[in-house]
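> Here is a sequence together with a model predicted from it:
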Amino acid sequence: MPLRRFAFLLLCVLAGVGCASESRERHAGTPEDPWVIGMSQCNLGEPWRVQMDADVRAAAARHPNLRVIFKDAQNSSLVQRAQVEEFVEQGVDVIIISPKEAAPLTRPVAEAYQRGVPVIVLDRAVQGDQYTTFIGADNVQIGREAGKWIRETLGGRGKIVELKGLMTSTPGQDRNRGFLEGLELDRHPGLEIVFTGEMQWLEPNARREMESALATNPEIDVVYAHNDPGAHGAWLAARAAGRETDMMFVGIDALLHEGQQYVAQGILDATFLYPTGGAEAIEVALAILRGEEVPKKIVLGTRLFTRENVGAGGQPIN
Ligand code: FRU
């Protein structure tokens, strides 16, 4: 710990005051005393999250006056809450959090923010407005586009399975809401959702849910899963039942080496890009540290990948 900082903390202890808010001492932001970012990732068991950390790491590596401390909450909101608290105690200059769930992480984020630590909320949201900025794609829009693509590709008739993500997380809620809007079921009575399951973003859960869907539905035309691991799990179940060519599979994420590859291999029919926002989070963190104003919400774009366009990098959606 630099001497200046140690002296400051000592002073706080001796004076018996909390070193919160405006009185927080920052690192200098030089290569000798770099700014410190605490990054709390909700889990590293999913390829998309490994990619997000890699994107943060690559962007930060371009700035020698920046250091990132990575923590993996192993898919526990309780662990993640403790990580945010530790970052505050440790005296990091900015926190980036990609939260597991909205409700249990709203308070620790708000407390850090109120104590003067800028907080960037990445991908999944928290409740209220007690954070510095939110960065993420528009999951309602992505869900809506998926619904529209399925409605149009099915020609307004067909039986649908929806495999939902974790419904206590905002992308799960938004991808479901947008999907229903995009399907326009009231105007297309030939479309029917015959099965819904919650697979909590995980391929093995999706496979199990899909086994139930297959067992109870002799006819399925399309599976919409809230992420690509879910769509792939559904495909594995359908293939085990010898039914994978009877139906289409649509996912979300479109990682280069996951979803895009599934589309190129003919496993998925479509996937929508869900950008990690890792590079943007570092740029925004730097802006905050330089004392610049940043927007409260930064919305990232999406792209549609199908068999026709995957070789050409997909198609942007506005
Ligand atoms: C990974 C993941 C992604 C998904 C995102 C939503 O944990 O499930 O597959 O797009 O989280 O927050």
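Yep, it's here. Worth saying up front: this structure is predicted, and the values here are computed from it rather than measured. Residues are numbered from 1 along each chain as shown.
> now the helices for the protein?
In the chain, the helices defined using DSSP state H lie at 3-15, 47-61, 77-90, 102-114, 139-153, 170-183, 203-216, 228-240, 259-264, 278-289.
> So which residue is smack in the middle of this protein?
D123 (3.7 Å; Cα atoms, centre = their mean).
> Need phi/psi at it.
With angles defined as degrees, to the nearest 10, D123 shows backbone torsions of phi 70, psi -80.
> follow-up on the earlier one: may I see the helices of the chain arranged in TSV, with mean pLDDT as well?
Below are these laid out as TSV (pLDDT from 0 to 100):
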stretch	mean pLDDT
helix 3-15	48
helix 47-61	98
helix 77-90	98
helix 102-114	98
helix 139-153	98
helix 170-183	98
helix 203-216	98
helix 228-240	98
helix 259-264	98
helix 278-289	98
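> Am I right that E211 is in contact with A237?
Yes - counting by Cβ atoms under 8 Å, E211 does reach A237; the two are 4.9 Å apart. Yep, even glycine has a C-beta here, placed from its N, CA and C like the rest.
> Those two: who's more crowded?
A237 (22 against 18; other Cβ atoms under 10 Å).
> contacting residues for that one?
A206, R207, R208, M210, E211, A213, L214 (Cβ atoms under 8 Å, 6 or more residues apart in numbering).
> And it, how far from R207?
Using Cβ to Cβ, to the nearest Å, we find A237 at a distance of 5 Å from R207.
> again, but for S77
25 Å.
> Now distance to G251 too, for the contacts of A237, in a markdown table please.
Listed next are the contacts of A237 as a markdown table, based on distance: Cβ to Cβ, whole Å:
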| residue | distance to G251 |
| --- | --- |
| A206 | 10 |
| R207 | 14 |
| R208 | 17 |
| M210 | 13 |
| E211 | 18 |
| A213 | 16 |
| L214 | 18 |
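> Nearest to P108 among those residues?
Minimum separation from P108 among the contacts of A237 (Cβ to Cβ) is found for A206, which lies at 30.0 Å.
> Next, give phi and psi for the nearest residue to Q80 once chain neighbours are set aside.
In this structure, Q80 finds its nearest non-sequential neighbour in A73, 3.6 Å apart by Cβ to Cβ, 6 or more residues apart in numbering. Phi and psi for A73, reported as degrees, to the nearest 10, are phi -80, psi 0.
> I'd say A73 and Q41 touch.
Yes - between A73 and Q41 a contact is recorded at 6.6 Å, counting by Cβ under 8 Å.
> Mind giving me the ChimeraX command for buried ones among the contacts of A237?
This is how ChimeraX selects the buried members of the contacts of A237, with burial counted by 16 or more other Cβ atoms under 10 Å:
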select :206,207,210,211,213,214
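> shouldn't L44 be in contact with D53?
Yes - assessed by Cβ under 8 Å, L44 is found in contact with D53 at 6.9 Å.
> Could you report the distance from I193 to W48?
I193 is 25 Å from W48, by Cβ to Cβ.
> Can you give me every residue that contacts the residue nearest to W48 when sequence neighbours are not counted?
Closest residue in space to W48, ignoring its immediate chain neighbours: D253 at 5.2 Å, by Cβ to Cβ, 6+ apart. Going by Cβ under 8 Å, 6+ apart, D253 touches W48, N227, D228, P229, G259, T271, F272, L273, Y274.
> Which of the residues you listed ranks first by neighbour count?
N227 leads these on contacts (other Cβ under 10 Å) with 32 neighbours.
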